[in-house]
Structure formats: structure tokens, C-alpha cells
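Novice: Provide a 3D model corresponding to the input given below.
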Amino acid sequence: MAGDERRPGMRAVLAQPDFRRLWTARTVSQWGDIFSFVALAILIYRLTGSGLGVAGVVVAEIVPVLLIAPIAGVVVDRLPRVQVMVVADVLRAALAGVLVVWHDDPLVIYAVAFGLSAGAAFFNPAANSVLPSVVADREIVAANSAVWTAAVLSQILLAPLAGGLVAVVGPGWAFGVNAASFLVSALALRGLRLVAPPREVGRRRLLAETREGAALVGRDRLLRALAIGQLLAALSAGATSALLVVLAAEHLGAPANAYGILVGAIGVGAALGPTLLLRLIPDPRRPLYVFGPYVLRGLVDLVLASVRSLPVAAATLAVYGVGTSTGAVTFNSLLQSHVTDGTRGRVFALMDLLWQTGRLASLGVGGLLADTVGIRAVYYLGGILLLLAAAVGFAASRTPPPSHEAASPSPD
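Specialist: Numbers count the residues shown, from 1 in each chain. Now for the predicted structure:
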């Protein structure tokens, strides 16, 4: 970046019509997802009366990613990405609409949750892959910051509202909001014009192209470090996020409303993170700024396992939120800059696969560890895993600066 050239901020990228369409689609869809997530949790608990029933929804959302993500990445690289996103939105709207009128059968709820997650397995890598075609290279960090900030603020503002309204008027309307949000997203995306449409990957078998994506990550030093870091972070965060309510009750000895305070602290930090990143870091697309937040989050987990003060826990969790949001923005931005357009879908899909695999394993191991050894052990282990993820990344910091050619496979 030239010394006299000012890096664009979120307002500048939102002024661009094409990015604004993509941002609107993702943000409105996020609003619907929040209402649906809250309604699903409340509804399934009412129907089953068990925590295991609620956990079943989480499993139903994770399993499709494990099954579909590799193929979804190939589809995203092979077909026009906007069309992939529109089709995923329309299908998810139809599935969400089922729950508007039929939401009294747990099996139907699990099936719809599975289908919605399957649609997201196509939509998410396509959305991440298409972003560099909508904005200039120097605007990627600002664009990711705008997407992340909107998602966090939506979560903070809408989740409490959704919970209250579900309690008052029932869950059906929440699923209707979700269905409508997918349709609004699809309409916004239909007018999206790509600067550089994705090139064809080839006509080889899907499995061969899937293996090519995995091989690409395996032979590129930086991508390999990012993948290992992603898996280790998921092994940490899956349990520590889900069991924060247990930490508040058993370790902090806090009152019932303390859990909301702790979650709110994470949200405040996460909302501030992208703004701080844009203002303080000249070029965040460096391994240091991707793996550095792992250090921040790992130290927070160690502090949470060691202290019994609610104010200290809340303050450190705000720092954790900053690390989460800045890490997500820099992670996506570095991948989008480092990986060529023709393989970006497969790389993002593989990262999603690693994240959900680690998250599922973490939930199982973390719950067992909390019950047998204690909740502090979960956070000590979580902190160690995050510090290990940072160590792997720093070992790869000698990799040359990000380049569009760095991860290019041989053409078909």
C-alpha cells in the first residue's frame, strides 16, 4: 500500500452498490437466522424437556457440513457463485416455511435444521469466495469488517428481542421471519454484478476436484498453518463457548443473570474489534494478525480458569470478543487474498469442515471433562489449544507476503 494512500473504511465499501447488495443479503439473512436459532432452542426444549434434545439440534446443524462441505466447495468453484447463493436461499426459505405451520414434531425440527445447515454449506463458501470479486483487493479487510460488525451487532440487538417475542407470541412467526429473510437475500443477490466471474475448474470427477482442494492446502505452508490453527481453535472454542454458563455458575459462583452479562461482554468486544483493526493496523492481512488473536483468546481462557471475580471475567471476555472478531476478519481476508479465485470455494469449504469437526469433538470431550474433572480443566485445556494454534501460525510467519499467485494449482 502506498504511503500516501489511505486505506478505505467500512463506510467507503458500503457506498459501493455491488458490495452493498452482498452485505445486505448476508445481514438480512443473519437477522432471520438469529430469530430461527432462538426459536429452535426454546421450541425443542419445550417439546423434549431435555438438554440432550437441544444438543440434537446442534448436531443436526454440524453433520451436514461434515457430509457436504467438500462437494459444496467444488460446486462453488465450478458454477456461478451468485446462482449458487440464490438457489441456497430459495431452498432454505422453503424449509424455514415448513416450520411456520408444522413445528410440533421434534423429528421435523431436526430435519429442517439439517436442511438449513446443508444450504449454508453452499452459501457460506460462495459468499466468502465472491467478496474479492465485488471489491478491490485493498478493500477486502474493510469489507469483511463490515460483514462481521453487522453480524455481531445483529446478535447483540436481536437475540434478546427474539427470545422475548417467542415467549409472548410463539415460535411460528420467528420461522416466518427466517423464511422471508432468505427471500430478501435472494432478491438482493440477483442484481449482483461480478467484476471477475469464477473460472471453470474442469470436468473431472467431483471427488478428484475435492482431493485437489485438500492437496492445495496441504502443500501450501501458510494454508496448512491456517487449517491447523482453525482446527485447534475449534477444539478449544466449541467447549468453552457452550460451557460458559457452567463456568459462571460453578466456578464464578455468580447469580443466574451473570451468564447474560458474560455473553454481552463478548459481544461488546467483538463489535469493537473490526473498528480497532481498521484504525490501528496498516495491513492486517499478515500471519501475525491472524494468529496473534489466538494468543489473546488463549490467555483469556487461562485467566477465566484461574480467577473467581465476575467483573474480571467480564472484562477479560470483552478482550476475548476483540480477539474473536479481529481474528475472523483477518483470517478471511488473508485467505481471500492468498488463494486464487478458481480454488477459493474449496479452501473455504475445507476450513468450514475443519471448524465443525473440531467443534463437534470439543463439545463431546469438553462436556465429559467438565463432569469428571471440573469446568476449570476445560478452560485450561482450551487456553493451551489456542496458544498451540498461535505457535503453529508463528512458525509459518516466514511465508512470503500474501499473493494471488501463492496458492494457484495447475490449470486444467
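
Novice: for Leu194, helix, strand, or coil?
Specialist: coil (DSSP: H, G, I helix; E, B strand; the rest coil).

Novice: Is it correct that it is in contact with Val130?
Specialist: Yes - A contact is recorded between Leu194 and Val130 when judged using Cβ atoms under 8 Å, the distance being 6.8 Å. Backbone N, C-alpha and C define where each C-beta goes, glycine included.

Novice: overlap in contacts of these two?
Specialist: Residues touching both Leu194 and Val130 (Cβ atoms under 8 Å, 6 or more residues apart in numbering) are 81-82.

Novice: More neighbours: those two, which one.
Specialist: Val130 (28 against 13; other Cβ atoms under 10 Å).

Novice: How many residues are close by the residue lying closest to the more buried one once chain neighbours are set aside?
Specialist: Once flanking residues are discounted, Val130 sits nearest to Arg81: 4.5 Å by Cβ to Cβ, 6 or more residues apart in numbering. The criterion is other Cβ under 10 Å. On that basis, Arg81 has 29 neighbouring residues.

Novice: Can you name the residues that contact Arg81?
Specialist: Contacts of Arg81 were listed using Cβ under 8 Å, 6+ apart, and they are 126, 129-130, 194, 198, 345.

Novice: Closest one of these to Pro287?
Specialist: If you rank the contacts of Arg81 by distance to Pro287 using Cβ to Cβ, Ser129 comes first, at 21.0 Å.

Novice: Just give the number of residues close to the closest residue to Ile384 other than its chain neighbours.
Specialist: The shortest distance from Ile384 to any residue that is not its chain neighbour, by Cβ to Cβ, 6+ apart, is 7.2 Å, and that residue is Gly298. Other residues within reach of Gly298, judged by other Cβ under 10 Å, total 25.

Novice: who's in contact with Gly298?
Specialist: Under the criterion of Cβ under 8 Å, 6+ apart, the neighbours of Gly298 are 236, 382-387, 389-390.

Novice: helix or strand for it, which one?
Specialist: Here Gly298, judged by DSSP states H and E, is contained in helix 287-306.

Novice: What mean pLDDT does that helix get?
Specialist: When pLDDT is averaged along helix 287-306, the result is 93.

Novice: Please give the centre-to-centre distance between it and its chain.
Specialist: 18 Å (Cα atoms, centre = their mean, to the nearest Å).

Novice: which strands and helices sit next to the helix-or-strand element of the chain with minimal mean pLDDT?
Specialist: Scoring the helices and strands of the chain by mean pLDDT, DSSP states H and E places helix 206-219 at the bottom, with a mean of 81. Using 3 or more Cβ pairs under 8 Å, 6 or more residues apart in numbering; DSSP states H and E as the contact criterion, the elements in contact with helix 206-219 are helix 51-78, helix 221-242, helix 344-372.

Novice: any idea of the angle it forms with helix 51-78?
Specialist: Comparing the axes of helix 206-219 and helix 51-78 via axes from the mean of the first three to the mean of the last three Cα atoms, to 10 degrees yields an angle of 90 degrees.

Novice: got the angle for helix 206-219 vs helix 221-242?
Specialist: Inter-element angle recorded for helix 206-219 and helix 221-242: 100 degrees (by the same axes, to 10 degrees).

Novice: So which bits of helix 206-219 are buried?
Specialist: For helix 206-219, a neighbour-count test (16 or more other Cβ atoms under 10 Å) marks 209-210, 212-214, 216-217 as buried.

Novice: Let's have the residues you listed in a markdown table, adding distance to Ser362.
Specialist: Shown next, in a markdown table, are these (distance: Cβ to Cβ, whole Å):
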| residue | distance to Ser362 |
| --- | --- |
| Glu209 | 30 |
| Thr210 | 25 |
| Glu212 | 29 |
| Gly213 | 24 |
| Ala214 | 22 |
| Leu216 | 26 |
| Val217 | 21 |
